[in-house]
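the sequence isn't on hand, but the structure is:
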């Protein structure tokens, strides 16, 4: 394990030069990937790509990241309470932060992190950030309540491919629904040679626009947030792309070796735990995360608990489940009463509540007192995978060639889940009711749902081509 973590640290160190350019006036490209026509995403005089993230206690702390021209070396934000009149913010104060240079085929830009501490619970604030040529608009957010309060959660699976023309329409539709926070299950971009990485992140951010600056975003990394590099001995490893830690100022309470990708945050009685499944599956960081996860779950005052990571424990596409995640993490989820496990990676829809039992009366009875969480796999983007031959027998609901977004509402004794398609069809829905013994009861929602979506040979559920490819 020590050698594995050392390799991870070494890989990150090897990637560091991309973060440490000294002269933004003469950037050096780090990829030969083509830029978008006209290079429309260059950093300019105004601050952009503003993203709000929660503090560990979202009733007391928030953080913001933003991008500026490389010449903007000061990292400054102002924050205060909302006024009803046009005079800006009440009791505004200036907060400084840290910055780093990130270079890409489009050149170099500076990314900034500012952390707002000492906030009041359930209070509406406005903030603005400083660019090279002035301040951004005042942007509003509301801190979480102290203790439990009903919470509306938006959950997005992999956006990743054809973000500009296909995935954006799903994200835009999702953001029209009332929500307090947004959870991203990884593979937000593809990080492939078809496009400069910075262009991909520009499209990802454009899909969310100002929403990402005024609603707290809870990210977790996917394997496409990493790129492969070759080590001196000829072997390969993965390193986190520099845009990811630059764009998300997550709480600094994760695994010490994985502070950029693991964290937990409490929002109105809901604890969201981000795990780095890529580091667990490919970089030798499974056991250290397992130990950290057990500590986070053991000291957990939250009413509801959501685990958020990319690689699915149970899959709707691949021939085999991720057994070592099932062996290491699933027992902790069961022992500590995790309610939902939200994942992506396999580009299909799947829900499992008692996967160890066959369909029928025994599984229906098990839903009356769940021994573990409900596992979900979803996709919001363009790329689709073929369903495996187990999903019809193991899952409660599944689907192919289907983009969805998910809405979750946390109430004191009831958590509701809905999966919606871009046409506004309800594809899946269920409530979890908290029983007196502390266990959950899963109830199938009685509302009419869209017909099951599967491919028939080469024909997709919409009557045209089946987009799913085998894994």
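That came through fine. Every value quoted in this text rests on a predicted model; they were computed, and no experiment measured them.

where do the strands sit along the stretch 101-250 of the chain?
All strands of the stretch 101-250 of the chain, identified by DSSP state E, counting those that start in this stretch, fall at 107-116, 124-131, 134-135, 139-142, 151-156, 181-184, 217-219, 226-230, 236-240.

out of those strands, flag the one nearest residue 382.
strand 151-156 (13.6 Å; Cβ to Cβ). Where C-beta positions appear, they are placed from N, C-alpha and C, glycine not excepted.

give me the residue at the spatial middle of the protein.
In the chain, the residue lying closest to the centroid (Cα atoms, centre = their mean) is residue 184, at 2.1 Å.

touching, it and residue 219? I think so.
Yes. Taking Cβ atoms under 8 Å as the definition, residue 184 is a contact partner of residue 219 at 4.6 Å.

closest one to residue 368 among the strands of the stretch 101-250 of the chain?
strand 151-156 (24.9 Å).

wouldn't residue 330 be in contact with residue 372 here?
Yes. Here residue 330 lies in contact with residue 372, judged by Cβ under 8 Å, at a distance of 6.8 Å.

need the overlap of contacts for the two.
Shared contacts of residue 330 and residue 372 (Cβ atoms under 8 Å, 6 or more residues apart in numbering): none.

quick revisit: now the strands of the stretch 101-250 of the chain as a markdown table including mean pLDDT and distance to residue 68?
A markdown table is the format used below for the strands of the stretch 101-250 of the chain (pLDDT from 0 to 100; distance: least, Cβ to Cβ, whole Å):
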| stretch | mean pLDDT | distance to residue 68 |
| --- | --- | --- |
| strand 107-116 | 95 | 5 |
| strand 124-131 | 98 | 5 |
| strand 134-135 | 96 | 11 |
| strand 139-142 | 98 | 16 |
| strand 151-156 | 98 | 27 |
| strand 181-184 | 98 | 23 |
| strand 217-219 | 98 | 19 |
| strand 226-230 | 89 | 24 |
| strand 236-240 | 91 | 22 |
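
what's the closest of those strands to residue 388?
When these are compared by Cβ to Cβ, strand 151-156 sits nearest residue 388, at 22.5 Å.

what lines up beside that closest one in the sheet?
If you go by DSSP bridges, strand 151-156 pairs up with strand 181-184 (parallel), strand 405-410 (antiparallel).

return the most buried member of those.
Stretch with highest mean neighbour count among those: strand 181-184 (a mean of 24; mean count of other Cβ atoms under 10 Å).

now do the residue nearest to the centre of the chain against residue 462, distance only.
Residue 184 sits 26 Å away from residue 462, going by Cβ to Cβ, to the nearest Å.

how about low-confidence regions in this structure?
1-34, 193-195 (pLDDT under 70).

show me it divided up by domain.
Split into domains by automatic domain parsing, the chain comes to 48-142, 151-442.

so which of those is nearest residue 40?
Shortest distance between residue 40 and those, using Cβ to Cβ, is found for domain 151-442: 7.9 Å.

now that closest one: how far from the chain's centre is it?
7 Å (Cα atoms, centre = their mean, to the nearest Å).

next, count neighbours for the nearest residue to residue 48 once chain neighbours are set aside.
The shortest distance from residue 48 to any non-neighbouring residue, by Cβ to Cβ, 6 or more residues apart in numbering, is to residue 67 (5.4 Å). Other residues lying near residue 67 total 30 when counted by other Cβ atoms under 10 Å.

check which helix or strand covers residue 67.
Taking DSSP states H and E as the criterion, residue 67 maps to strand 62-69.

how far is that strand from where the chain is centred?
From the chain centre to the centre of strand 62-69 is a distance of 18 Å (Cα atoms, centre = their mean).

next SSE after it?
By DSSP H and E, the next helix or strand past strand 62-69 is strand 76-82.

which strands and helices lie in contact with the very next helix or strand once past that next one?
With elements assigned by DSSP H and E, the helix or strand that comes after strand 76-82 is strand 89-96. When contacts are defined as 3 or more Cβ pairs under 8 Å, 6 or more residues apart in numbering; DSSP states H and E, strand 89-96 packs onto strand 76-82, strand 107-116, strand 124-131.

tell me which of those is the most buried.
Mean neighbour counts for those (mean count of other Cβ under 10 Å) peak at strand 107-116, with a mean of 23.

what about the helices in the stretch 201-350 of the chain?
Here the stretch 201-350 of the chain has its helices, by DSSP state H, counting those that start in this stretch, at 211-214, 243-247, 277-282, 286-298, 323-328, 330-335.

among those helices, which is nearest residue 311?
Of the helices of the stretch 201-350 of the chain, nearest to residue 311 by Cβ to Cβ is helix 277-282, at 3.9 Å.

picking that back up, tell me which of the strands of the stretch 101-250 of the chain sits nearest to residue 381.
Closest to residue 381 of the strands of the stretch 101-250 of the chain, according to Cβ to Cβ: strand 151-156, at 9.1 Å.

thinking again about what came up before, return the most buried member of the domains of the chain.
Most buried of the domains of the chain by mean neighbour count (mean count of other Cβ under 10 Å) is domain 151-442; its value is a mean of 20.

mind giving me the packing neighbours of the strand holding residue 67?
strand 48-54, strand 107-116, strand 124-131, helix 243-247.

next, the angle strand 124-131 makes with that strand.
Angle of strand 62-69 versus strand 124-131, following axes from the mean of the first three to the mean of the last three Cα atoms, to 10 degrees, is 20 degrees.

who does strand 62-69 pair up with?
When pairing is defined by DSSP bridges, strand 62-69 lines up against strand 48-54 (antiparallel), strand 107-116 (antiparallel).

what residues does that strand touch?
The contact list for strand 62-69, computed with Cβ under 8 Å, 6+ apart, reads 24, 43-45, 47-55, 77, 109-116, 119, 127, 129-132, 136, 141, 143, 213, 216, 246-251.

go with 6 Å
Residues outside strand 62-69 that contact it (Cβ atoms under 6 Å, 6 or more residues apart in numbering): 43, 47-53, 55, 109-116, 129, 131-132, 247, 249.

equivalent analysis for stretch 446-460, please.
The contact list for stretch 446-460, computed with Cβ under 6 Å, 6+ apart, reads 399, 400, 401, 402, 425, 426, 427, 461, 466, 468.

who touches the last one in this structure?
Okay, so that is residue 468. Taking Cβ under 6 Å, 6+ apart, we find residue 468 in contact with 384, 385, 386, 400, 401, 455.

give me that answer again for 8 Å
Counted by Cβ under 8 Å, 6+ apart, residue 468 has contacts 317, 347, 348, 384, 385, 386, 387, 400, 401, 455, 460.

state the distance from the closest residue to it other than its chain neighbours to residue 347.
Once flanking residues are discounted, residue 468 sits nearest to residue 386: 4.0 Å by Cβ to Cβ, 6+ apart. Separation of residue 386 from residue 347 (Cβ to Cβ): 9 Å.
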